[in-house]
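Enquirer: coords below, sequence missing:
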């Protein structure tokens with residue numbers, strides 16, 4: 001199976017970084033940290049694990065930072081052994097195609113997204129650490145010392161093999177495009193709930209990428225009375241932020257004066273270009289997390305305000321901390337997602353994924369609108385280049401679409417893609433079909449209660465092969481097969497013992513393959529079948545010859561309606 005791996009060892013990072021200064025192709029060479037290979041398919045390592053066939057996978061900013069070796073070996077994360085070898089792609093939606101004998105909550109056919117990495121529950125470690133005991137699995141305190149089988153594959157792989165607890169089953173009405181961005185939507189929800197703005201407060205979101213625009217949507221959905229400003233770098237990001245409800249746009253070129261105008265703060269200037277504001281924003285969400293943005297954000301926050309660092313930086317920094325104590329600013333960190341107090345103002349507890357899924361279901365957040373580019377996994381170089389060169393490509397979210405892989409590369413993924421559910425841009429469930437998407441009964445605090453997942457829908461039936469009638473059979477007019485009316489220039493010739501509907505130059509149709517995904521099953525219309533046949537041309541009858549049905553690209557005839565005349569022609 002196609003699998004991407006990321007090895008952040010010194011023997012790969014150092015030569016790649018040095019050669020990358022003069023040769024951009026070094027990041028995709030055989031010695032680079034990122035490797036994309038077609039490896040043998042692995043078996044399930046444990047009976048409570050599942051196999052997931054991926055459908056869509058996103059490229060995040062943290063992925064790009066690791067691939068282009070934009071990190072520093074002196075940061076704290078570099079000391080952890082589990083971060084040296086990983087599978088990139090944590091934004092992913094796929095379909096369960098195999099379950100172990102002891103799997104309890106997932107079934108074949110369920111669509112799932114990756115929710116957490118290895119933790120106490122997925123590895124069977126006892127007793128549970130404090131973070132895992134309350135459902136914050138991404139903050140597992142045994143992360144570097146966990147034993148047991150390792151997950152195989154990530155979002156940038158054809159398949160993933162994981163413990164079922166690491167997955168979140170998505171609602172049936174949610175499209176793949178919405179589901180692939182459920183993880184970054186949960187990141188935005190978690191960041192906003194770390195410091196929820198109050199009505200009338202001034203809020204600043206630094207950065208207008210995927211996380212920044214999703215944070216804007218979440219703030220507008222939860223606190224519509226808040227006055228939200230967005231700092232954007234490119235013109236197309238300004239356009240997106242304005243459409244999503246930003247009241248003010250800040251530009252990096254004149255940021256301090258823009259903050260003073262938007263908030264009414266007083267700007268003071270000292271020696272060497274030193275600047276400071278008295279007053280400013282009540283809450284700032286820094287979705288970039290660089291040295292410059294953190295330096296500015298703590299100077300743009302009013303006394304007693306809060307800065308929430310959402311963006312991830314892999315570099316050591318030198319910042320001036322004096323505004324933190326001088327203005328009594330709360331500097332809050334946020335990582336990924338976990339458990340939230342939900343609904344707001346209650347004592348209920350729900351996973352961030354469940355809250356984000358509910359907001360998408362209620363059409364409060366629209367993550368699918370941020371997808372701008374799609375690529376096949378074997379075209380990963382162009383995909384990563386598109387995600388990096390934002391000013392040139394105007395990309396927001398770039399995804400790998402496994403339906404674009406050639407059939408000769410990954411046949412089983414290609415076959416599954418034909419049965420993909422239609423894209424649904426509105427994820428509203430009918431009231432009578434609403435399901436509780438809360439997480440299953442993994443170990444949780446005594447005051448929490450989870451409802452086990454509901455039984456999944458029955459899998460779609462396999463395609464049916466219907467043969468053409470033999471000479472002794474009687475041709476019967478029946479629905480739902482509707483034959484097309486012949487074009488005026490076509491010549492219908494009856495040849496015994498074979499009924500040739502539309503003579504083809506080199507082949508004749510001898511069997512029909514009915515693809516269930518092409519059959520409409522809506523109650524308000526009759527089922528129809530779209531059939532692919534060879535393009536007819538005027539020719540003399542040829543001798544009888546049995547061959548396989550040949551379909552020429554660009555010569556597909558789609559039948560959606562039929563008439564009595566069509567059936568008479570068939571007779």
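Expert: Nice, thanks for sending it over. Predicted model, so just to flag it, every value in this text is computed and none were measured.

Enquirer: where along the stretch 301-450 of the chain do the strands fall?
Expert: Here the stretch 301-450 of the chain has its strands, by DSSP state E, counting those that start in this stretch, at 301-309, 330-333, 339-341, 349-351, 371-375, 397-401.

Enquirer: looking at these, which is buried most?
Expert: Of the strands of the stretch 301-450 of the chain, the one with the most neighbours on average (mean count of other C-beta atoms under 10 Å) is strand 397-401, at a mean of 25. C-betas here are computed from N, CA, C, even on glycine.

Enquirer: quickly run through the sheet partners of that strand, with directions.
Expert: strand 49-58 (antiparallel), strand 371-375 (parallel) (DSSP bridges).

Enquirer: out of the strands of the stretch 301-450 of the chain, which gets nearest to residue 20?
Expert: Comparing the strands of the stretch 301-450 of the chain by their distance to residue 20 (C-beta to C-beta), the top pick is strand 397-401, with 20.4 Å.

Enquirer: now that closest one: how far from the chain's centre is it?
Expert: Distance of strand 397-401 from the chain centroid (C-alpha atoms, centre = their mean, to the nearest Å) equals 8 Å.

Enquirer: just stretch 371-386 next, same as before
Expert: 14 Å.

Enquirer: ok, now stretch 320-327?
Expert: For stretch 320-327, the distance to the chain centre is 38 Å (C-alpha atoms, centre = their mean).

Enquirer: that one - what's its average pLDDT?
Expert: Stretch 320-327 carries an average pLDDT of 96.

Enquirer: residues in contact with that stretch?
Expert: Stretch 320-327 is contacted from outside by 276, 295, 298, 299, 301, 302, 303, 304, 305, 329, 331, using C-beta atoms under 8 Å, 6 or more residues apart in numbering.

Enquirer: again, only this time at 7 Å
Expert: Here stretch 320-327 makes contact (C-beta atoms under 7 Å, 6 or more residues apart in numbering) with 295, 298, 299, 301, 303, 329, 331.

Enquirer: which one of the strands of the stretch 301-450 of the chain lies nearest to residue 167?
Expert: So among those, strand 349-351 is nearest, using C-beta to C-beta, at 12.1 Å.

Enquirer: return the list of helices and strands in contact with that closest one.
Expert: Strand 349-351 is packed against strand 339-341, with contacts defined by 3 or more C-beta pairs under 7 Å, 6 or more residues apart in numbering; DSSP states H and E.

Enquirer: given the strand it packs on, what are its sheet partners and their directions?
Expert: strand 349-351 (antiparallel).

Enquirer: pretty sure residue 309 contacts residue 287?
Expert: No. Counting by C-beta atoms under 7 Å, residue 309 stays clear of residue 287, with 8.9 Å between them.

Enquirer: and the most centrally placed residue in the chain, what are its phi and psi?
Expert: A centroid search over the chain (C-alpha atoms, centre = their mean) returns residue 180, at 1.7 Å, as the residue closest to the centre. Phi and psi for residue 180, reported as degrees, to the nearest 10, are phi -70, psi -20.

Enquirer: from memory it sits against residue 400, does it?
Expert: No. Taking contacts as C-beta under 7 Å, residue 180 lies outside contact range of residue 400: 9.3 Å.

Enquirer: find the residues that touch each one of the two.
Expert: Common neighbours of residue 180 and residue 400 (C-beta under 7 Å, 6+ apart) are 56, 57.

Enquirer: quick check: which element contains residue 185?
Expert: In this structure, residue 185 sits in helix 182-194 according to DSSP states H and E.

Enquirer: dump the strands paired with strand 397-401 to a markdown table, plus distance to residue 340 and mean pLDDT.
Expert: Putting the strands paired with strand 397-401 into a markdown table (distance: least, C-beta to C-beta, whole Å; pLDDT from 0 to 100) gives the following:
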| stretch | distance to residue 340 | mean pLDDT |
| --- | --- | --- |
| strand 49-58 | 22 | 97 |
| strand 371-375 | 26 | 98 |
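
Enquirer: all helices for the stretch 251-400 of the chain, in order.
Expert: Assigned by DSSP state H, counting those that start in this stretch, the helices in the stretch 251-400 of the chain fall at 255-263, 291-297, 322-326, 352-361, 380-388, 390-393.

Enquirer: just the angle between the first one and strand 301-309, please?
Expert: So that's helix 255-263. Orientation check (axes from the mean of the first three to the mean of the last three C-alpha atoms, to 10 degrees): helix 255-263 against strand 301-309 gives 110 degrees.

Enquirer: buried set for helix 255-263?
Expert: Applying a neighbour-count criterion of 16 or more other C-beta atoms under 10 Å, one finds 255, 256, 258, 259, 260, 262, 263 buried in helix 255-263.

Enquirer: cool, and the fifth one?
Expert: Across helix 380-388, burial judged by 16+ other C-beta under 10 Å covers 380, 383, 384, 385, 386, 387, 388.

Enquirer: so how far is residue 64 from the fifth one?
Expert: Read that as residue 386. Look at residue 386 and residue 64: by C-beta to C-beta, to the nearest Å, they are 11 Å apart.

Enquirer: what lies in contact with stretch 75-89?
Expert: With contacts defined as C-beta under 7 Å, 6+ apart, stretch 75-89 is touched by 4-9, 57, 63, 71, 143-144, 153-157, 314-316.

Enquirer: just stretch 210-217 next, same as before
Expert: Outside stretch 210-217, the residues that touch it by C-beta under 7 Å, 6+ apart are 184-185, 187-188, 191-192, 205, 228, 230, 240-241, 244-246, 285, 287, 310, 365-367, 370, 396-397.

Enquirer: so for residue 78, what's the pLDDT?
Expert: Value for residue 78, per-residue pLDDT: 80.

Enquirer: now it. Its backbone dihedrals?
Expert: Taking degrees, to the nearest 10 as the convention, residue 78 sits at phi -70, psi -20.

Enquirer: count of neighbours near it?
Expert: By other C-beta atoms under 10 Å, 15 other residues sit near residue 78.

Enquirer: what do you get for residue 147?
Expert: Neighbour tally, residue 147, other C-beta under 10 Å: 10.
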